[in-house]
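S.K.: Fold the following.
(chains A and B)
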Amino acid sequence: GENVEQHPSTLSVQEGDSAVIKCTYSDSASNYFPWYKQELGKRPQLIIDIRSNVGEKKDQRIAVTLNKTAKHFSLHITETQPEDSAVYFCAASMDGGATNKLIFGTGTLLAVQP
Amino acid sequence: NAGVMQNPRHLVRRRGQEARLRCSPMKGHSHVYWYRQLPEEGLKFMVYLQKENIIDESGMPKERFSAEFPKEGPSILRIQQVVRGDSAAYFCASSPRQGTWEQYFGPGTRLTVT
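M.R.: Predicted coordinates for the structure are as follows:
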């Protein structure tokens, strides 16, 4: 079945450093890969996404890369700030399927130390 | 421009009672997804509905759980005869139409079964 693995489960960085979170998906038909940020007790918020016809996408301090051959995609946060501290989830979805349901990774708890 | 609304935000039920969770999608959105998040875990897809239709319920437990999205009114996730293992955060997400990638999440309903 569809599966998304996410690593690491926890990540602690110093303010100003970069953070990288990696995900691997199993369904080669997947072609939409969003990243969500979830602060404690809050809703998941879409922060960036990438589609399979693109290898990299950047939005200010956040970037996502996709390697379809290896079925890997990664989130890169540069110049981290304490407000970046949250749980980050990757997800995968298949266009052309009946549902576009999201298959989520298990999450990465990012702690940015001031 | 109201986002996805869910109510109640917190719900406490005793074992054996029924839980009803409501989701009002964003204005103009006619597609609703329900996801469940167990404590310290990722989100798991449960069901996908359009107005008056269940499109994909492959993530729903076979017993005690049901969902609907009537022509008028919110989508409802119903859990009968709740058990302690049903304690979780239940999020709904909406999208404007089939084939649209982005899903926007509501604030969630935190169900506690005592």
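
S.K.: Now stretch A:104-114: buried residues?
M.R.: For stretch A:104-114, the neighbour count (16 or more other Cβ atoms under 10 Å in any protein chain shown) marks A:104-110, A:112 as buried. Using the backbone N, CA and C atoms, a C-beta is placed for each residue, glycine as well.

S.K.: For that stretch, give me every contacting residue.
M.R.: Under the contact criterion Cβ atoms under 8 Å, 6 or more residues apart in numbering or on different chains, stretch A:104-114 has outside partners A:4-15, A:19, A:21, A:23, A:36, A:38, A:77, A:80-91, B:35, B:41-44.

S.K.: on that earlier part again, from the buried residues of stretch A:104-114, which single one is nearest residue B:6?
M.R.: Among the buried residues of stretch A:104-114, residue A:104 lies closest to residue B:6 (Cβ to Cβ), at 18.2 Å.

S.K.: one step back: for my notes, please list the buried residues of stretch A:104-114 in JSON lines and give distance to residue B:72 for each entry.
M.R.: What follows is the buried residues of stretch A:104-114, written out as JSON lines (distance: Cβ to Cβ, whole Å):
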{"residue": "A:104", "distance to residue B:72": "31"}
{"residue": "A:105", "distance to residue B:72": "36"}
{"residue": "A:106", "distance to residue B:72": "38"}
{"residue": "A:107", "distance to residue B:72": "36"}
{"residue": "A:108", "distance to residue B:72": "40"}
{"residue": "A:109", "distance to residue B:72": "41"}
{"residue": "A:110", "distance to residue B:72": "42"}
{"residue": "A:112", "distance to residue B:72": "45"}
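
S.K.: shaky segments in the chain?
M.R.: Just so you know, I chose chain A. For chain A, the stretches flagged by pLDDT under 70 are A:1, A:95-98.

S.K.: that's the wrong chain, I wanted chain B
M.R.: Within chain B, the stretches with pLDDT under 70 are B:1, B:98-100.

S.K.: who in it is up against chain A?
M.R.: Those residues of chain B that sit near chain A, judged by Cβ under 8 Å from any Cβ of the partner chain, are B:33, B:35, B:41-45, B:48, B:55-56, B:59, B:91, B:93, B:95, B:98-108.

S.K.: So which residue is smack in the middle of chain B?
M.R.: residue B:34 (3.7 Å; Cα atoms, centre = their mean).

S.K.: Which positions in chain A make contact with chain B?
M.R.: Residues of chain A lying close to chain B (Cβ under 8 Å from any Cβ) are A:6, A:32, A:34, A:36, A:42-46, A:49, A:51, A:89, A:93, A:95, A:98-107.

S.K.: can you rerun that using 10 Å?
M.R.: Listed as neighbours of chain B in chain A under the rule Cβ under 10 Å from any Cβ of the partner chain: A:1-2, A:4, A:6, A:9, A:31-34, A:36, A:38, A:41-46, A:49, A:51, A:87, A:89-91, A:93, A:95-107, A:109.

S.K.: Out of the contacts of stretch A:104-114, which end up buried?
M.R.: Buried members of those, counted by 16+ other Cβ under 10 Å: A:4, A:6, A:11, A:13, A:19, A:21, A:23, A:36, A:38, A:77, A:80, A:84-91, B:35, B:42-43.

S.K.: Looking at the residues you listed, which are in strands?
M.R.: A:4, A:6, A:11, A:13, A:19, A:21, A:23, A:36, A:38, A:77, A:86-91, B:35, B:43 (DSSP state E).

S.K.: Can you name the residues that contact the residue nearest to the centre of chain B?
M.R.: Neighbour list for residue B:34: B:21, B:23, B:43-49, B:57, B:59-60, B:65, B:67, B:69, B:75-77, B:90-93, B:106 [criterion: Cβ atoms under 10 Å, 6 or more residues apart in numbering or on different chains].
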